[in-house]
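>>> The sequence and its predicted three-dimensional model are supplied below.
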Amino acid sequence: MFALTQMRASKSVRNLRTRNILTLAAAGTTAALLLTGCGAQGSGSGSEASGSAASQGTGQENVPEGWHYVAGGEVPSAKAEPKLPVKVKDGTGETVEVKDASKIIAASDGVVSILDSLGLSDKVYAAPQNSVTPTAKNAPEHFEYSQKTGVEGLLSVKGTMFIGDNVDRHGQVAKKFREAGVSAAVYSDQEETTKKITDVGSYVGADAAAKEVSQKVGDQLKEAATYKDKLKGKKILQVTSNGAGGANAVVGSGTAGADIVKAIGATSVGEQAGLRGYSVKFSKEGLLDAKPDVIVMGTGDVEEWGGAEGFLQAFPTLADTPAAKNNQIYVMPSEQISVSGPAIGAGALALGKALADGSN
C-alpha cells in the first residue's frame, strides 16, 4: 500500500516536470484523440469522444488540448412505479421500513444517479454541496457531510428518507435517522455498481425497474469486456480532486472507476495498491514508481484543478510517468467515471474502445 508521505521535489526538477506536462497540454489538435461518432454496437449504447475542447456545457471545454476527452453514449433507464411501504435489509444488516420516499436525502451522486435512472429525480430533496450530477446540483437543499456537519446537520434538512452509500461512514448516521423516526438505508460502497442499483431500487419500492436498469448496465459492461485481450496488463491510474474534505486522492476499490477498469480487463493502480474508495493514502513517489500507462480523471476534477498546471501541482510526479510521456491522459464526464451509477456501462464502452484503438 502506498504510504502517506510528502517529499518535495527540487525547484529545478519541478520546473522540468511543469514543462513536460504543459507541453502535452499545448500539443494541439493534431495530437488529440478524435472519435466522434464511433458508437459501440450491441447494446445500443454508443460512444462519442473528441480531443478538442470546443463543446460547451459538458466539461469538455475545460479539457487541455493534447489530452483526450472520451464520453459514452446511452445511459440505461426505466420508469419506476414505486410501491410503499416496504421492508428491506440494508447493507448494515438492519431491517428498514420505508413508508415515505418523497423527500430523499441522498448521500452521494451515486445515489442520485440511480434515482435518476428510475425516473425518480423529483424525489431528490437534498444532496452534497460538491455534487457533479445535474439533479444533485439542482436539489432544493444541500449539505456538507463532514465531522463538522454531523448527524444533527443532516437531520435539520427535514427529509423523509436518507440513503447512504458507505456502511462505515453512514451506518451510524442511518441509525440516528431511524431513531428520529426517519427511514434510512445504506448500501455498501464495496459492492459492484449493478448491485448498488438494485439495492436503491429495493429501498424505494422500485425493484422491477431497478433490476431492468441493472441488467442493461451489466450487458454494457459485458460488451466492454470484448476489449480485454487488447488491454490486459495495461495499468490505469484514476485521480480525483474530490477525496475526503476535498483532498486530492487516488481512486481505489468500490468505485465506478474500479468497476470500469475491471470490465475492460485493465489493472487499476489504486486497487492493486490496496486503496479503497477515494483514498489520500498514497505517496507522490509511489505513484511514479507504479508507472501507470494511462491516467484518467473526471471533467469535474479538471475544472477544480483549473487545467493541466493545476493537475501537475496536485500530482507533480505524474509528469514523469509513461502515461504522461506517451500522451495517455484521458478525461471523461464525471458522471461516467467518478459516479457509481448507471452511466458506468457507457463509460466502460467508451474508454475501452479509445484505449484499444490507441491514440499515439
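Okay, I see it.

>>> quick one: contacts of stretch 127-136?
105-109, 112-113, 115-116, 121, 124, 137, 139, 141-145, 242, 246, 298, 300, 334-335, 338-339 (C-beta atoms under 8 Å, 6 or more residues apart in numbering). From N, CA and C alone the C-beta is placed, and that goes for glycine too.

>>> Can you tell me which of those are buried?
By neighbour count, with 16 or more other C-beta atoms under 10 Å, those hold 105-109, 112-113, 115-116, 121, 124, 139, 143, 145, 242, 298, 300, 334-335, 338-339 as buried.

>>> Please flag which of those residues sit within helices.
With helices defined by DSSP state H, the entries of the buried ones among the contacts of stretch 127-136 inside them are Asp109, Val112, Ser113, Leu115, Asp116, Gly300, Ser334, Glu335.

>>> Just flag the most distant two among those.
Leu115 and Gly300 (19.3 Å; C-beta to C-beta).

>>> Ramachandran angles for Phe162?
phi -120, psi 130 (degrees, to the nearest 10).

>>> Pop out the phi and psi values for the nearest residue to it once chain neighbours are set aside.
Spatial nearest neighbour of Phe162, chain neighbours left out: Ala184 (4.1 Å); criterion: C-beta to C-beta, 6 or more residues apart in numbering. Main-chain dihedrals, Ala184, degrees, to the nearest 10: phi -150, psi 130.

>>> how close does Ala184 sit to His170?
As defined by C-beta to C-beta, to the nearest Å, Ala184 lies at a distance of 8 Å from His170.

>>> Also Pro76?
26 Å.

>>> More neighbours: which of these two?
Between Pro76 and His170, counted using other C-beta atoms under 10 Å, the more crowded position is His170 (27 against 22).

>>> residues contacting that one?
Counting by C-beta under 8 Å, 6+ apart, His170 makes contact with Ala107, Phe162, Gly164, Val186.

>>> any idea which of those residues is closest to Ser283?
Nearest member of the contacts of His170 to Ser283, counting by C-beta to C-beta, is Ala107, at 29.3 Å.

>>> The closest one reaches Met161, doesn't it?
No: with contacts counted by C-beta atoms under 8 Å, Ala107 stays clear of Met161, the gap being 11.3 Å.

>>> Now do the shared contacts for the two.
In contact with both Ala107 and Met161: no residue, using C-beta under 8 Å, 6+ apart.

>>> so where do the strands sit in the stretch 1-150 of the chain?
Using DSSP state E, counting those that start in this stretch, the strands of the stretch 1-150 of the chain run over 47-50, 68-72, 86-89, 95-98, 104-106, 124-128, 141-143.

>>> how much space between Ser283 and Lys235?
Distance of Ser283 to Lys235, computed by C-beta to C-beta: 17 Å.

>>> quick one: low-confidence parts of the stretch 51-200 of the chain?
Residues of the stretch 51-200 of the chain that meet the criterion pLDDT under 70 lie in 51-58, 145-150.

>>> what do you get if the cut-off is 90, keeping everything else the same?
Residue ranges of the stretch 51-200 of the chain with pLDDT under 90: 51-66, 129-132, 143-157, 169.

>>> same deal with the stretch 251-360 of the chain?
284, 358-360.

>>> in it, which spans are helices?
Counting by DSSP state H, counting those that start in this stretch, one finds helices in the stretch 251-360 of the chain at the ranges 256-263, 269-272, 284-290, 299-305, 308-314, 322-325, 334-337, 344-357.

>>> Looking at the protein, which helix is longest?
What stands out as the longest helix in the chain, according to DSSP H, is helix 207-224.

>>> Buried by neighbour count: which residues of it qualify?
For helix 207-224, using 16+ other C-beta under 10 Å, the buried residues are 207, 209-214, 216-221, 223-224.

>>> Neighbours of Asp122, how many?
Asp122 has 11 neighbours, counted by other C-beta under 10 Å.

>>> Ok, Gly307 next?
Neighbours of Gly307 under the rule other C-beta under 10 Å: 15.

>>> Which residue is the nearest non-sequential neighbour of it?
The shortest distance from Gly307 to any residue other than its chain neighbours is 5.4 Å, reached at Pro64 (C-beta to C-beta, 6+ apart).

>>> So for Lys87, what's the nearest residue that isn't a sequence neighbour?
Glu97 (4.9 Å).
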